[in-house]
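S.K.: Build me a structure from this.
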Amino acid sequence: MDDQNKNLILATALSFLVILVWFVLFPPPEPSTVAEDAEIAAIDEAEIQTPSATASGTVGEATAAAEDTLPEEQAPRVDIDTPRLKGSLSLSGGRIDELFLKDYKVSIEEDAPIVELLSPVGSNSAYYALYGWAPGTGVSGEDVPGPNTLWVLEKGETLSPDSPVTLAWENGNGLTFRRTISVDDNYMFSVTQSVENATASEVSMAPYGILARHGIGEDGDLPGLKNFFILHEGVMVMADGVLDEVAYKKVRDFDIDPNERAQAEVYQIKDGGWVGFTDHYWMTTLIPEKDATFKAAAKYDARRKIYQTETVLPTITVAPGTTEEATTQLFAGAKEWETIREYQTAGVQKFLESIDWGWFSFLTKPIFWLLHNIHALIGNMGWSIIGLTLIIKAILFPLAFKSYISMAKMKELQPQMEALKEAAGDDRQKMQQGMMELYKKEKVNPAAGCLPILMQIPIFFSLYKVIFVTIELRQAPWFGPFQDLSAPDPTSIFNFFGLLPWAAPAPESLMALVFIGILPLLLGISMWMQQKLNPAPTDPTQAMIFAWMPWVFMFMLGGFASGLVVYWIANNTITFTQQYLIMRSQGYTPDVFGNIKSGFKRTPKTDDK
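M.R.: Coordinates of the predicted model:
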């Protein structure tokens, strides 16, 4: 076996091994189920932990105001209606607790409902934002509005980009609290909290914001999670320019913090940042003012299975006869790259890091940027992926050119290499020395053929991350049956790609893995054709490995995202064309059809006598 075959087998085996390990360790996520939990859904929200501020600025737990409250189902609501959002906020606690994303459906079916991001207490997966004041000097917990305080709509009717609303509440002891809420055309709310002091005494308190999420599934797992190893779902804290990501399961492992009276991790942030929850495609984020100093916390209440993230701003002193206010922002929506980039440009610190770029961020970020801009020109994500493949192959062309020239020269040296083998006989050292001298004389690098294959591995993984993580690929159509490039190929050999009158196997079933779609089939054929640029190895073991490899890859990648398979098919097709033309330009014409024919010939049996 010559060095060229050794290197090619080594590179191919390495690619196969890496992808096999990836597939075993990180299988495609299974659909999650939602468990009913009436006990958690019926929680009295007055029990949710809210911060308290003392004169020394420490933070603990406060008692919620018990007066002026109504059951949640009886509380008045204020509609939210923007170009991209609809929902309502409850005057009970002034919570933003019902929010739907108009631009996104749960599935690609025409009658599918739109995505629900926030939901009120009493639903199967309560998830909401609430604001308030942590009491300090001169006030008690009953003097400040709590999670269930019944607010009055003082100004506005429907919350929209052109119409903010103002809520008000008087504590009966000379303090009037107001909360003005506005929203832009995308997903950013601004919440300005103010307190007017009509008493004769100075008071102090700290403004806070809380995101609360009820875990109602088994062991506190939240509904809708992918639970996929390469995807971060949970808490995000941007603290002084450094992003900390904590999965929901790890939040449940926090130590009990005596100040917080819960499992908690506390961050003292000096130079601005944000904190919130992230899912696969959606997130909610509390964002204090730029460069603000504040305390952030991530908590888990094990008894009630409630996750919380919160921000507490420095204590504000309100003199008699004066009014003080503080403004924070709330992002609640889809993790769209372009939208998040605009908010980052407007001052939200490193907001693009909220998208889970992964360990290969130095590749995933430019790959996505390039794909995004190609899509802006073409308008179709499937053709954009093919365009991306062309550009990547163009960038790698100098390396590929040298590699294919080296492979062509290796073919030309085949007769001399065979002569060296015959002359060396069983002396492997003599044969290796002779080949090295031949390579040096002819200026051939036998390892050059491995480099393009090895370069494709990190690119493949990075593109897989981009297709899986970014919302721009979610339900992105191509043509015909391929209406979601982030999902596996929906076609199947089982019904001859939709021509026969019965349904294809369910995507999560074993049958779907066996009866693959047309894209994995084209992938296998393209790999097989690429092999046929060279004759099959004379060694039977090598020949068998090469013969099976395209079809093994075909079934392995059948359950991957369609967009990734489209990339691989395009990559194989371009590689075949490049290699064929370059090898011909160097005087070696690959006998593709001859190699195909030889692959179907049976080896004649010999009788041992």
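S.K.: Output the below-cut-off pLDDT ranges for the stretch 51-200 of the chain.
M.R.: Applying pLDDT under 70 to the stretch 51-200 of the chain flags residues 52-73.
S.K.: ok, now the stretch 201-350 of the chain?
M.R.: Low-confidence segments of the stretch 201-350 of the chain (pLDDT under 70): 216-223.
S.K.: where along it do the strands fall?
M.R.: Secondary structure of the stretch 201-350 of the chain, counting by DSSP state E, counting those that start in this stretch: strands at 203-214, 234-239, 242-247, 256-257, 262-269, 273-278, 282-287, 294-301, 306-312, 316-318, 323-334.
S.K.: Mean neighbour count and distance to residue 544 for these - can I get that in JSON lines?
M.R.: C-beta coordinates here come from the backbone N, C-alpha and C atoms, glycine included. Listed next are those as JSON lines, based on neighbours: other Cβ atoms under 10 Å; distance: least, Cβ to Cβ, whole Å:
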{"stretch": "strand 203-214", "mean neighbour count": "25", "distance to residue 544": "53"}
{"stretch": "strand 234-239", "mean neighbour count": "22", "distance to residue 544": "46"}
{"stretch": "strand 242-247", "mean neighbour count": "15", "distance to residue 544": "43"}
{"stretch": "strand 256-257", "mean neighbour count": "13", "distance to residue 544": "60"}
{"stretch": "strand 262-269", "mean neighbour count": "18", "distance to residue 544": "54"}
{"stretch": "strand 273-278", "mean neighbour count": "25", "distance to residue 544": "47"}
{"stretch": "strand 282-287", "mean neighbour count": "24", "distance to residue 544": "48"}
{"stretch": "strand 294-301", "mean neighbour count": "24", "distance to residue 544": "54"}
{"stretch": "strand 306-312", "mean neighbour count": "25", "distance to residue 544": "53"}
{"stretch": "strand 316-318", "mean neighbour count": "19", "distance to residue 544": "76"}
{"stretch": "strand 323-334", "mean neighbour count": "20", "distance to residue 544": "49"}
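S.K.: mind listing what residue 524 touches?
M.R.: Going by Cβ atoms under 8 Å, 6 or more residues apart in numbering, residue 524 touches 550-551, 553-554.
S.K.: Farthest-apart pair in those residues, please.
M.R.: Taking Cβ to Cβ as the measure, the contacts of residue 524 span a maximum distance of 7.3 Å, between 551 and 553.
S.K.: These two: which has the busier surroundings?
M.R.: For the pair residue 551 and residue 553, the greater number of neighbours falls to residue 553 (21 against 16), based on other Cβ atoms under 10 Å.
S.K.: In three-state terms, label the more buried one for me.
M.R.: At residue 553 the chain is in helix, as set by DSSP: H, G, I helix; E, B strand; the rest coil.
S.K.: Could you number the chain from 14 rather than 1 from now on?
M.R.: I'll keep to 14 as the first residue from here, and by that count the last item is residue 566.
S.K.: Assess the claim that it and residue 536 are in contact.
M.R.: Yes: between residue 566 and residue 536 there is a contact under Cβ atoms under 8 Å: 6.8 Å.
S.K.: Tell me how many other residues surround residue 387.
M.R.: Close neighbours of residue 387, defined as other Cβ under 10 Å, add up to 20.
S.K.: name the element it belongs to?
M.R.: For residue 387, the host element (DSSP states H and E) is helix 374-391.
S.K.: Tell me the buried residues in the following helix or strand past that helix?
M.R.: Moving toward the C-terminus from helix 374-391, the next helix or strand (DSSP H and E) is helix 394-408. Residues 394-395, 397-402, 405-406 are the ones in helix 394-408 that count as buried (16 or more other Cβ atoms under 10 Å).
S.K.: Likewise for stretch 155-169?
M.R.: Neighbour counts over stretch 155-169 (16+ other Cβ under 10 Å) mark 155-164, 166, 169 as buried.
S.K.: Export the buried residues of helix 394-408 to a markdown table and append columns for distance to residue 105.
M.R.: Below are the buried residues of helix 394-408 laid out as a markdown table (distance: Cβ to Cβ, whole Å):
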| residue | distance to residue 105 |
| --- | --- |
| 394 | 43 |
| 395 | 47 |
| 397 | 47 |
| 398 | 48 |
| 399 | 53 |
| 400 | 52 |
| 401 | 49 |
| 402 | 54 |
| 405 | 54 |
| 406 | 59 |
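S.K.: Many thanks, have a good one.
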